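J.: sequence? don't have it. structure:
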């Protein structure tokens, strides 16, 4: 209640309003840690079932895809070097940083794989919000998100295989297909929806 109240209260002060998004994330984290069982089991039904998680992720990626349009890829052509450097650094620094953390703090295998996986994923909506709040180059940020999302189809499974293959058994081809179903298909559907709505009607 304190963290939720703090998140709601911060939004009322103009100087603190940019921090409200971060405080809402902290509030969600605190609630998940304290009420983990209550949030997972609803009426005796476990909402972490494989297919429910799959559909929720697809819905999330579709919503993120609505923020990525064909125009963003046109913008990539205007600043290809910046998009290349951003994507290259993203898939070099983040996975290796995650792997380094697992070695420094000697996390158990299941936690280590999760950290490596997070580090190997593409950037998304949250990073775009942070770019907007910090008044950075939003067009470049969206371009990097668009490119890294497509590149993640191959790079995420590959990095997990390379860095976490010794911790658990990784089926590379199977993971690539899962990423295509979870990331590429819903984002492609969202972009197709944007095209039909914007360009086809013009």
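T.: Now that the structure is in, tell me what you want to look at. These numbers were taken from a predicted model, which means no experiment stands behind them.
J.: could you list the low-confidence segments of the protein?
T.: For the chain, applying pLDDT under 70 flags the ranges 43, 64-70, 72-73, 75, 125, 199-202.
J.: quick one, strands of it?
T.: Along the chain, counting by DSSP state E, strands occupy 41-42, 45-46.
J.: mean neighbour count and distance to residue 81 for the ones you listed - can I get that in JSON lines?
T.: Just so you know, the C-beta spots here come from the backbone N, C-alpha and C atoms, and that holds for glycine as well. Listed next are the strands of the chain as JSON lines, based on neighbours: other C-beta atoms under 10 Å; distance: least, C-beta to C-beta, whole Å:
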{"stretch": "strand 41-42", "mean neighbour count": "10", "distance to residue 81": "49"}
{"stretch": "strand 45-46", "mean neighbour count": "9", "distance to residue 81": "48"}
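J.: to residue 157, which of those lies closest?
T.: Residue 157 lies closest to strand 45-46 among these, at 26.8 Å (C-beta to C-beta).
J.: what's in contact with that closest one?
T.: By C-beta atoms under 8 Å, 6 or more residues apart in numbering, the surrounding residues in contact with strand 45-46 are residue 40.
J.: ok, now which ones touch the residue nearest to residue 54 when sequence neighbours are not counted?
T.: The shortest distance from residue 54 to any residue other than its chain neighbours is 7.0 Å, reached at residue 182 (C-beta to C-beta, 6 or more residues apart in numbering). With contacts taken as C-beta under 8 Å, 6+ apart, residue 182 has the following neighbours: 54, 57, 58, 61.
J.: as a check, name the ranges of all helices in this structure.
T.: Secondary structure of the chain (DSSP state H): helices at 2-10, 20-34, 36-40, 50-65, 70-78, 80-104, 109-120, 125-133, 138-164, 172-179, 185-198.
J.: most packed of these?
T.: Highest mean neighbour count of the helices of the chain: helix 138-164, a mean of 21 (counted as mean count of other C-beta atoms under 10 Å).
J.: that older thread, make JSON lines out of the strands of the chain and add distance to residue 188.
T.: Below are these laid out as JSON lines (distance: least, C-beta to C-beta, whole Å):
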{"stretch": "strand 41-42", "distance to residue 188": "31"}
{"stretch": "strand 45-46", "distance to residue 188": "30"}
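J.: hang on, the earlier thing: quick check: the residue nearest to residue 54 vs residue 11, distance?
T.: For residue 182, the distance to residue 11 (C-beta to C-beta, to the nearest Å) stands at 32 Å.
J.: contacts only, for the closest residue to residue 97 other than its chain neighbours.
T.: Excluding its sequence neighbours, the residue lying closest to residue 97 (C-beta to C-beta, 6+ apart) is residue 119, at 6.1 Å. Under the criterion of C-beta under 8 Å, 6+ apart, the contact list for residue 119 reads 94, 95, 96, 97, 98, 99, 159.
J.: now do residue 167
T.: For residue 167, the contacting residues are 109, 112, 113, taking C-beta under 8 Å, 6+ apart as the criterion.
J.: and the residue nearest the centre of the chain, how far from residue 41?
T.: In the chain, the C-alpha closest to the average C-alpha coordinate belongs to residue 124, at a distance of 4.4 Å (C-alpha atoms, centre = their mean). If you measure residue 124 against residue 41 using C-beta to C-beta, the figure is 28 Å.
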